[in-house]
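Asks: Okay, predicted coordinates and the sequence, questions at the end:
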Amino acid sequence: MKILQYASLATGILLSTAGIVRAEDPARIAIATWRGCEEACKGFQDYLSDSGHPVVFTVLDAAQDKSRLPGVLEQARADKAQLILTWGTNVTIGIGGTLATQGGEGLNGDIPQLFMIVADPVGSGIVQSLDQTGRPNITGTYNRMPETVTLKAIRNYMPTVKHIGLMFNADEKNSTIKRDEIAGLAAGQGLEFTAVEIGLGADGKPLPENIEPAMAALKAAGVEFVYVGSSSFLQSQSAALAKAAAAHGMPVLSPYESLVRDNAALISVAARYYDVGRLAGELAEKILFEGAAPGDLPVARMQDFAVTINMSVAKQIGVYPPITLMQVAEVVE
């Protein structure tokens, strides 16, 4: 487990659910990550540092290994963290459990916990609803646009589309949740839908070399536009995804802007991860410095989403965006 600890040098008065803490005693926050400290993690830290609060951040990285999560929680306790920020569905459930398992052995049921970059916190059983979490010590952020917007974006880009596809990773609960959600929405809109699982290795984890066969299977099924869905694995394998999409001439829509900038996807409609982190910082500020109870705070929702189109990818696969979409999108090469 990789650990990085540093402090914000800002000064101020710290209020917590345990009472008033002296100004010279900074708030201790453990940031539990899945694949290192990326833009959302940095946005969270920047918000609290920019707000002038004394904070010590400790980044505890699970390195995409769920077996490390109990150790992450143990380390947070050892560090006497006053708040735990969890990145992603796997980390959030591994640290705090679900509604059904909350209070179980080895899970966090007492330290205030915030989640971010969770594709479907209600569907995955983390919270009861976005308005009332049903978890006394847990709330978080919701950064995903409605999947109806996903389908609308695909149709805006390719008005003639009749068949969409998705690759999913069975090792990530959020990935299978999105598979089922898109399947239902596509059926309701008269679209054909094909989902292909990315093959797993002997250790039960997906293999990068299985991305190309999955893309080939989608192409063979007649899929015209591919949606990434929700998958930290695919997000981390941009090179393999880019190669597969190019090889089969498949347009890909991603909820991760980074995949468009890495030439792995054609278009993204997404909230900026850095801004998601800052939104989580606002919640942390309310809990640590204003005395709010996590369970009394609704899940904070992102309101702004950006469209990004990679014209180099468009030229490579020969699928160009309509002028109307170009007028509202950021274009990258």
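Replies: Perfect, I can see it now.

Asks: which element is Met145 on?
Replies: For Met145, there is no helix or strand it lies in under DSSP states H and E.

Asks: gap between the two ends of stretch 154-171?
Replies: Counting by CA to CA, to the nearest Å, the length from the leading to the trailing residue of stretch 154-171 is 26 Å.

Asks: let me fix that: stretch 35-43
Replies: End-to-end distance for stretch 35-43, by CA to CA: 16 Å.

Asks: List the neighbours of that stretch that are in contact with it.
Replies: Counting by CB atoms under 8 Å, 6 or more residues apart in numbering, the neighbours of stretch 35-43 from elsewhere in the structure are 2, 4, 31, 33, 59, 61, 63-64, 85, 87, 116-117, 232, 236, 272-278, 280-281. Backbone N, C-alpha and C define where each C-beta goes, glycine included.

Asks: Now, those that are in helices?
Replies: Among the contacts of stretch 35-43, the members falling in helices are 232, 236, 273-278, 280-281 (criterion: DSSP state H).

Asks: which residues touch the residue nearest to Gly199 when sequence neighbours are not counted?
Replies: In space, not counting the residues next to it along the chain, Gly199 is nearest to Asn210; the distance is 3.7 Å by CB to CB, 6 or more residues apart in numbering. Contacts were defined as CB under 8 Å, 6+ apart; by that measure Asn210 touches 198-200.

Asks: gap between Gly249 and Asn263?
Replies: Taking CB to CB, to the nearest Å as the measure, Gly249 falls 14 Å from Asn263.

Asks: Comparing these two, which residue is more hemmed in?
Replies: Set side by side, Gly249 and Asn263 give different neighbour counts by other CB atoms under 10 Å, the larger being at Asn263 (20 against 11).

Asks: Now do that one against Glu333, distance only.
Replies: According to CB to CB, Asn263 and Glu333 sit 9 Å apart.

Asks: Using PyMOL, make a named selection holding only the buried ones among the contacts of stretch 35-43.
Replies: Of the contacts of stretch 35-43, the buried ones can be selected in PyMOL as follows, counting by 16 or more other CB atoms under 10 Å:
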select buried, resi 31+33+59+61+64+85+87+116+117+232+236+272+273+274+275+276+277+278+280+281
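
Asks: And the ones in helices among the contacts of stretch 35-43, which two are furthest apart?
Replies: Of all pairs drawn from the ones in helices among the contacts of stretch 35-43, the one with the largest separation by CB to CB is Ser236 and Gly281; the distance is 24.2 Å.
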